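Asker: Generate a structure from the sequence data that follows.
(one chain, ligands or ions: 4)
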Amino acid sequence: SKEKSGTHYHFFETEMSDRNMESIKLENALYKALDNEELVIYYQPQIDSRSETIIGVEALLRWIHPTEGMISPADFIPIAEETGLIIPIGEWVLKNACKQLKEWQDQGNTSLCMSVNLSGLQFEEDDLVIMVKGILEDVNLAPEFLHIELTENQIIKNTEITMRKMKQLKDLGVKIAIDDFGTGYSSLGYLKNFPIDALKIDKSFIQDVVEDSDNAAITNTIITLAQNLNLNVIAEGVETEEQLEFLLSRNCSIMQGFFFSRPIKAEELEKKYLRGL
Ligand code: C2E
Ligand code: CA
Ligand code: CA
Ligand code: CA
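Answerer: Ligands and ions are numbered 1, 2, ... in the order given. This next block holds a predicted model:
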């Protein structure tokens, strides 16, 4: 009846505005988060399988909200993307991660690399490449130590523009990895056209790679594909010794996951993994 649908509509409207209030509150807080120094970069080690030593770290953003506590990037990166805040935030992450790496290199960790996640929206910015170049020069960091991670879906959303910028970044000497590889809807054909250096196997495949023969088959295939294309391959989300053994037996070159370390603060990483002055 008319009445009933009217009630439904009203109910729906209330729910919507509650949700909007929540996201508007978060949005306003996120605007201030950068200035208020509530954003912190955590670092997760990337381990070379052969030498079993740390070869790099991935920068993973954390928001320490004054009343809500730690908010996951899975929750606030989408808001940052909707509002465009991902542009200043992404630049801040890149700059600070590069500065931090330079400091660690100067302390004797001369071949350590830094992986930074970039949003597809950053690739739509005209001055992305100039921004990256500027940061590398300011910080005096050799470009080959910066590894940019871009998801498969971000690449295919905007193929032309993304491909052009990836090539320009490659020309600078920066390395590029495809993140969450295997979860997107792309064809494999693009792999031969894109200037990439590494594939990163999504943790959803690694999670039960030992128990699930489908995930084992997908993981095997990605590793072989990377080897045949002469790309590095990184397994993310390695949590158990069994997963590690599986990946070692397949010659997966780089590993990352809670088995080795969670993402941790810079000082903790220094104490546990790095050479100091
Ligand atoms: P991602 O790039 O795929 O990062 C890997 C995620 O897996 C991280 O979650 C990491 O903490 C988590 N992880 C690592 N090892 C393990 C493991 O062994 N087991 C499990 N269960 N999880 C593991 P996190 O830090 O919550 O980040 C979530 C996502 O947020 C990232 O996924 C990335 O897409 C995005 N993100 C984080 N920092 C940034 C940033 O600075 N810029 C952009 N654009 N996105 C970011
Ligand atoms: Ca990543
Ligand atoms: Ca701009
Ligand atoms: Ca992932």
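Asker: can the lengthiest strand in the chain be found next to ligand 4?
Answerer: The longest strand of the chain (DSSP state E) is strand 53-65. No. Figure legend: strand 53-65 not in contact with ligand 4 (C-beta under 5 Å from the ion); closest approach 10.1 Å. For the C-beta atoms, the positions are set from N, CA and C on the backbone; glycine is no exception.
Asker: gap between that strand and the chain center?
Answerer: 9 Å (C-alpha atoms, centre = their mean, to the nearest Å).
Asker: give me the low-pLDDT residue ranges for the chain?
Answerer: Residue ranges of the chain with pLDDT under 70: 1-19.
Asker: Now do the strands in it.
Answerer: 39-48, 53-65, 69-71, 113-117, 146-151, 175-181, 198-201, 232-235, 254-255.
Asker: List the buried residues in the first one.
Answerer: Taking 16 or more other C-beta atoms under 10 Å as the neighbour-count basis, strand 39-48 is seen to contain the buried residues Leu39, Ile41, Tyr42, Tyr43, Gln44, Pro45, Gln46, Ile47.
Asker: out of the residues you listed, who's nearest Lys272?
Answerer: Pro45 (8.5 Å; C-beta to C-beta).
Asker: Met255 is in contact with the closest one, correct?
Answerer: No. With contact defined as C-beta atoms under 8 Å, Pro45 does not count as touching Met255 (9.4 Å).
Asker: Tell me, how many residues neighbour Arg207?
Answerer: Just to correct that, residue 207 is Gln rather than Arg. 17 (other C-beta atoms under 10 Å).
Asker: same thing with Gly56?
Answerer: Quick note: Gly56 (other C-beta under 10 Å) scores 23 neighbours.
Asker: What of Thr110?
Answerer: 11.
Asker: now do Leu26
Answerer: 19.
Asker: what's the distance between the nearest residue to it once chain neighbours are set aside and Gly90?
Answerer: Take Leu26 and drop its neighbours on the chain: the residue closest to it by C-beta to C-beta, 6 or more residues apart in numbering is Ile79, 5.8 Å away. Per C-beta to C-beta, to the nearest Å, Ile79 is found 13 Å from Gly90.
Asker: Please apply the same query to Lys99.
Answerer: 15 Å.
Asker: same question, Leu101
Answerer: Distance from Leu101 to Gly90, by C-beta to C-beta: 16 Å.
Asker: thinking again about what came up before, Lys99 and Gly90: who's more crowded?
Answerer: For Lys99 versus Gly90, neighbours defined as other C-beta under 10 Å are more numerous around Gly90 (23 against 16).
Asker: Okay, and the beta partners of the residue positioned nearest the centre of the chain?
Answerer: Nearest to the mean C-alpha position of the chain, by C-alpha atoms, centre = their mean, lies Asn117 at 3.5 Å. Asn117 forms beta bridges with Glu149, as assigned by DSSP bridges.
Asker: so how far is ligand 1 from it?
Answerer: 4 Å (C-beta to the nearest ligand atom, to the nearest Å).
Asker: Ile178 is in contact with that residue, correct?
Answerer: No. Using C-beta under 8 Å, Asn117 makes no contact with Ile178, being 11.8 Å away.
Asker: Count the neighbours of whatever residue of the stretch 151-277 of the chain ends up closest to ligand 3 for me.
Answerer: For the stretch 151-277 of the chain and ligand 3, the shortest gap (C-beta to the ion) falls at Lys165, measuring 13.0 Å. Using other C-beta under 10 Å, the number of residues around Lys165 comes to 21.
Asker: ok, back up a step: could you list every residue that touches the residue nearest to Leu26?
Answerer: Ser23, Leu26, Glu27, Leu30, Leu85 (C-beta atoms under 8 Å, 6 or more residues apart in numbering).
Asker: one more time with 7 Å, if that's ok
Answerer: Ser23, Leu26, Glu27, Leu30 (C-beta atoms under 7 Å, 6 or more residues apart in numbering).
Asker: Val238 now?
Answerer: Ile206, Leu244, Leu247, Met255, Gln256, Gly257, Phe259.
Asker: give me that answer again for 6 Å
Answerer: Ile206, Leu244, Met255, Gly257, Phe259 (C-beta atoms under 6 Å, 6 or more residues apart in numbering).
Asker: In space, what's closest to it - neighbours in sequence excluded?
Answerer: Per C-beta to C-beta, 6+ apart, closest to Val238 is Gly257, 3.2 Å.
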